[in-house]
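J.: From the sequence below, what's the structure:
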Amino acid sequence: MKISARDIDHLSLTASDPAEIAARLSRLGFNLTPDDVEPRCICFQPDRDDVPNYIELLQGHPPVISLALNVPELDGEERTHSWETEDGFEVDAGVVVGESGGPLPWFPVKHETPDAFMEPEWIVHPNGALGMMAIHAIAETPKDTAKALKTAWGASVEEIFDGCTMVKAGSVELLIWSPLAFQLEYKALEMMMPTELPAVVGAAVAIERARPLQGLLSANNVPFALAEGDRVLVAPEQTGGLMIEFIPQN
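T.: Down below sits the predicted model:
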């Protein structure tokens, strides 16, 4: 399947107990959409007003982390839901979802109401999160995986260094690592490799400053590691399956 991707729209986490994952992510200082409507979402201020930037939690089996690629036109399944803000205002969201692709899990989406994921109430976070900058994936052969996605998405590809290749369709980057390169870069977390590759394993989130985030995580008894450039790393066992890399902007 080939598309004309405008950006990585959002990250989709399917799990048997999304409420547990939501609780874990809340302890990291993220605000989420109301808990009585699926999907629960962590929304960020996007670069473009017609392409959202968020993480969604869905209930299902088997567990999987997928990329959603924003496209201008799409025939597919229409999904609608409504959230209620604290002021009692109803926010309606409509998304058209297309068929899944490979070699790592992804699917195209078209937003009928992109502003539904940009409510001020939901894009401001106690941890100072500003936006999702990049997605981390691991593949046995990063170059081959990147080449396949370049063709499928109409994206650009750049080899960052041996063992890490970037795929870019918009402002959110996909970094595809070899197992060894990823373990070397994020050795402080001592992460286990996924049993099936390629796989999406993490997200890089821009934050205002590192020190307040460290204080928040410590207060909530969330273990974390520090990396070069004042980056703050949280292992997937603390989030319910997704490694989070916080990158300070100040």
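
J.: Sketch out the helices for this structure, chain order is fine.
T.: Secondary structure of the chain (DSSP state H): helices at 18-27, 120-123, 142-153, 179-185, 210-219.

J.: Residue ranges of each domain in this structure, please.
T.: 7-123, 129-248 (automatic domain parsing).

J.: Low-confidence regions, the protein specifically.
T.: Residue ranges of the chain with pLDDT under 70: none are present.

J.: rewinding a little: who wins for proximity to Leu242 among the helices of the chain?
T.: Closest approach to Leu242 among the helices of the chain is made by helix 18-27 (8.2 Å; Cβ to Cβ). In this view, the C-beta of every residue, glycine as well, is placed from N, C-alpha and C.

J.: Name the residues of that closest one that are buried.
T.: 18, 21-22, 24-27 (16 or more other Cβ atoms under 10 Å).

J.: Kindly reformat the domains of the chain as JSON lines containing distance to Met1.
T.: Listed next are those as JSON lines, based on distance: least, Cβ to Cβ, whole Å:
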{"stretch": "domain 7-123", "distance to Met1": "5"}
{"stretch": "domain 129-248", "distance to Met1": "6"}
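
J.: Leu175 touches Ile138, doesn't it?
T.: No - if you go by Cβ atoms under 8 Å, Leu175 and Ile138 don't touch, sitting 9.7 Å apart.

J.: contacting residues for Ala129?
T.: Each residue near Ala129 by Cβ atoms under 8 Å, 6 or more residues apart in numbering is listed here: 29-30, 42, 44, 205-207, 246.

J.: switch to 6 Å and redo it
T.: Going by Cβ atoms under 6 Å, 6 or more residues apart in numbering, Ala129 touches 205, 207.

J.: so it bridges to which residues?
T.: Ile207 (DSSP bridges).

J.: how close does it get to Val232?
T.: Here the criterion is Cβ to Cβ, to the nearest Å. By it, Ala129 lies 11 Å from Val232.

J.: what do you get for Ala68?
T.: 25 Å.

J.: what do you get for Trp106?
T.: 27 Å.

J.: Kindly report the same for Glu245.
T.: 8 Å.

J.: Neighbour count for these two, which is higher?
T.: Legend: neighbour count by other Cβ atoms under 10 Å for Glu245 and Val232, higher for Val232 (22 against 19).

J.: For the more buried one, which residues count as its bridge partners?
T.: Counting by DSSP bridges, the residues bridging with Val232 are Leu226, Phe246.

J.: for it, what are its contacts?
T.: So Val232 contacts 210, 213, 224, 246 (Cβ under 6 Å, 6+ apart).

J.: Test my guess that the last one contacts Ile207.
T.: Yes - distance between Phe246 and Ile207: 4.8 Å, which falls inside the contact criterion (Cβ atoms under 6 Å).

J.: before we move on, the earlier item: tell me which of the helices of the chain is the most buried.
T.: helix 142-153 (a mean of 20; mean count of other Cβ atoms under 10 Å).
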